[in-house]
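Participant: Can you look at this prediction? I've put the sequence above it.
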Amino acid sequence: MSFKELGLNEDILKAIEECGYTEPTPIQAQAIPHVLMTRDLVGLAQTGTGKTAGFTLPMIEILAGGRAKARMPRSLILEPTRELAAQVAQNFDTYGKYTNLSKALLTGGTSMDEQIKKLDRGVDVLIATPGRLLDLFGRGRILLNDIKVLVIDEADRMLDMGFIPDIEKIVSLLPPLRQTLLFSATMPPEIKGLTKKFLSNPREVSVAPPASPAETVEQFLVWTDAKKKYDVLEGIIKDEKVQNAFVFCNRKRDIAGLASWLKKKGYNAQPLHGDMAQSARTQTLADFQADKITLLICSDVAARGLDVKGLSHVFNYDVPMNPDDYVHRIGRTGRAGLDGRTWMLATKAETKYVDLIEQRIKKAIPVAGKGGKKQDDKKTAPVKEATKEPAQQKEKKQHRERQPEKKESRPEKRPEKKVTPPEKRPPHNEQDGDDSVVGFGNEMPTFFGGEKKN
Ligand code: AMP
């Protein structure tokens, strides 16, 4: 299957070719024909699967024929975070470079005047976070009755962030005759309910089972005490030869402390969380993308969907309380078929969250010992105390410790798999090693060296 066969126009095909994409990813191959036929669609896909192009490409095609009127955008894409919204806007710039579509990005933390000016001129594509959109609507700066295509992206994230009432309000302002696309990595009952309410006879496409982490991500778990977390984390960072990493904390207050401690230790670390000014967030992300920052100490605001190329590691400084967050956090690495490694520091108090994660990913996370040394180093006992453990936990721990077969898949050092900087990476189809392709379900696209499926 080629992009041409999907029915995209020459201007889009040219832009795709310049991106170096040789064929559609499975989600694109499945979704694009439905979207082009103006059908409603539910896309069950995690980030890293190419889902953004799965809706931006056909939208560019659909919208290419018309003209936007002042204050009346023709399509609306709702994103849970400013960063994701900015990323989608960038996708429209990249894929739509040979078409004349106008777009506006409506997110909080940036000047409203500029956004209003753009809206007044008329936009084909409006990409927004729910809060800012409702704000501008309330001020009478925007009319939503010409929306022909609505995209609700990262719907499960919207749910986690409490945006569902806002989404319901926004949808109530749209014309009932429209095309609606909804993308979500997981399908909790609330999102199922939304699809029933807002979509009409939708086609469903799916590329990976819900909440399945990428297969090219190697995961490890370290039991430790809260007081030792800084040192344990540093031990792992040293041991792992980290190229670039996200370090996730559950609490914003821990982010600043950990970032400045790591900086004092000589690491190139910076914080990123939702309380920072938008300009600082944008700058930090740009610096990280440009390899000026090695460790980004962040909250979940950075977890979903951000497409950071070549992330070698993800560290969970805390165990996320929501197992979906674990999947999304570790999904920042091992993207587009590249290897990634993730480490999670857990205290005894976090055992129940570890259990929830393991239930969600349907496997035990291999346990490593103190200071980042793997558990198969026999001299190193796991940090978790053996005493005073409830029998059930003890059994679980023994279960985790009985994972000798994981040894082969966890060699002490993997120099041959050491992550190279993005610019030095070979093109996907020149990658060797692991056959599994992540985020692409069971299909291996040929651009990753897989067999062509007809
Ligand atoms: P997404 O899941 O939308 O965040 O996309 C993940 C990454 O895949 C992005 O870096 C895209 O540029 C890249 N990508 C999207 N479509 C293709 C394709 N057909 N071939 C190769 N890479 C792609």
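Facilitator: Yep, that arrived. Numbers count the residues shown, from 1 in each chain.
Participant: going forward, measure contacts between C-alpha atoms and count neighbours the same way
Facilitator: Noted.
Participant: What residues sit buried inside stretch 245-264?
Facilitator: 245-250, 252, 254-256, 258-260, 262 (16 or more other Cα atoms under 10 Å).
Participant: same check, this time on stretch 163-171
Facilitator: Going by neighbour count (16+ other Cα under 10 Å), the buried part of stretch 163-171 is 163-164, 166-167, 170.
Participant: now what about that stretch, what contacts it?
Facilitator: For stretch 163-171, contacts defined as Cα atoms under 8 Å, 6 or more residues apart in numbering pick out 80, 130-131, 134, 158, 198.
Participant: Between the buried residues of stretch 245-264, which sits nearest Val35?
Facilitator: Distances from Val35 to the buried residues of stretch 245-264, taken as Cα to Cα, are shortest for Phe246 (33.9 Å).
Participant: if we can go back for a sec, please tabulate the buried residues of stretch 163-171 in a markdown table, including the columns secondary structure.
Facilitator: Shown next, in a markdown table, are these (DSSP: H, G, I helix; E, B strand; the rest coil):
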| residue | secondary structure |
| --- | --- |
| Phe163 | coil |
| Ile164 | helix |
| Asp166 | helix |
| Ile167 | helix |
| Ile170 | helix |
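Participant: And these, which is closest to Arg67?
Facilitator: Ile170 (22.5 Å).
Participant: Relative to Thr107, how far out is the closest one?
Facilitator: 15 Å (Cα to Cα, to the nearest Å).
Participant: Out of the buried residues of stretch 245-264, which sit inside helices?
Facilitator: If you go by DSSP state H, these have 252, 254-256, 258-260, 262 in helices.
Participant: Columns pLDDT and distance to Leu181 on top of the residues you listed, output as TSV?
Facilitator: Formatted as TSV, these follow (pLDDT from 0 to 100; distance: Cα to Cα, whole Å):
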residue	pLDDT	distance to Leu181
Lys252	82	33
Asp254	91	37
Ile255	93	35
Ala256	91	38
Leu258	96	39
Ala259	95	39
Ser260	95	42
Leu262	96	42
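Participant: Let me have those in JSON lines, adding distance to the ligand as columns.
Facilitator: Below are these laid out as JSON lines (distance: Cα to the nearest ligand atom, whole Å):
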{"residue": "Lys252", "distance to the ligand": "25"}
{"residue": "Asp254", "distance to the ligand": "28"}
{"residue": "Ile255", "distance to the ligand": "25"}
{"residue": "Ala256", "distance to the ligand": "28"}
{"residue": "Leu258", "distance to the ligand": "28"}
{"residue": "Ala259", "distance to the ligand": "26"}
{"residue": "Ser260", "distance to the ligand": "30"}
{"residue": "Leu262", "distance to the ligand": "29"}
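Participant: Can you spell out the domain ranges of this structure, please?
Facilitator: Split into domains by automatic domain parsing, the chain comes to 4-206, 217-384.
Participant: Mean pLDDT lowest where, among those domains?
Facilitator: With a mean of 82, domain 217-384 has the lowest mean pLDDT of the domains of the chain.
Participant: ok, of the contacts of stretch 163-171, which come out buried?
Facilitator: Buried members of those, counted by 16+ other Cα under 10 Å: 80, 130-131, 134, 158, 198.
Participant: Check which helices and strands the helix or strand that contains Leu221 sits against.
Facilitator: Element membership for Leu221 (DSSP states H and E) is strand 217-223. Using 3 or more Cα pairs under 8 Å, 6 or more residues apart in numbering; DSSP states H and E as the contact test, the elements touching strand 217-223 are strand 340-346, strand 367-368.
Participant: So for Val88, which of the ones you listed sits nearest?
Facilitator: strand 340-346 (23.9 Å).
Participant: Name the residues that touch the closest one?
Facilitator: 216-225, 229, 233, 311-319, 330, 333-334, 354, 419.
Participant: Next secondary structure after the helix or strand hosting Ala15?
Facilitator: Under the criterion of DSSP H and E, Ala15 resides in helix 10-19. Proceeding N to C from helix 10-19, the next assigned helix or strand is helix 26-36, under DSSP H and E.
Participant: measure stretch 298-315 end to end?
Facilitator: One end of stretch 298-315 to the other measures 10 Å (Cα to Cα).
Participant: And for stretch 222-235?
Facilitator: Start and end residues of stretch 222-235 are separated by 11 Å (Cα to Cα).
Participant: List the buried residues in that stretch.
Facilitator: Going by neighbour count (16+ other Cα under 10 Å), the buried part of stretch 222-235 is 222-225, 229-230, 232-234.
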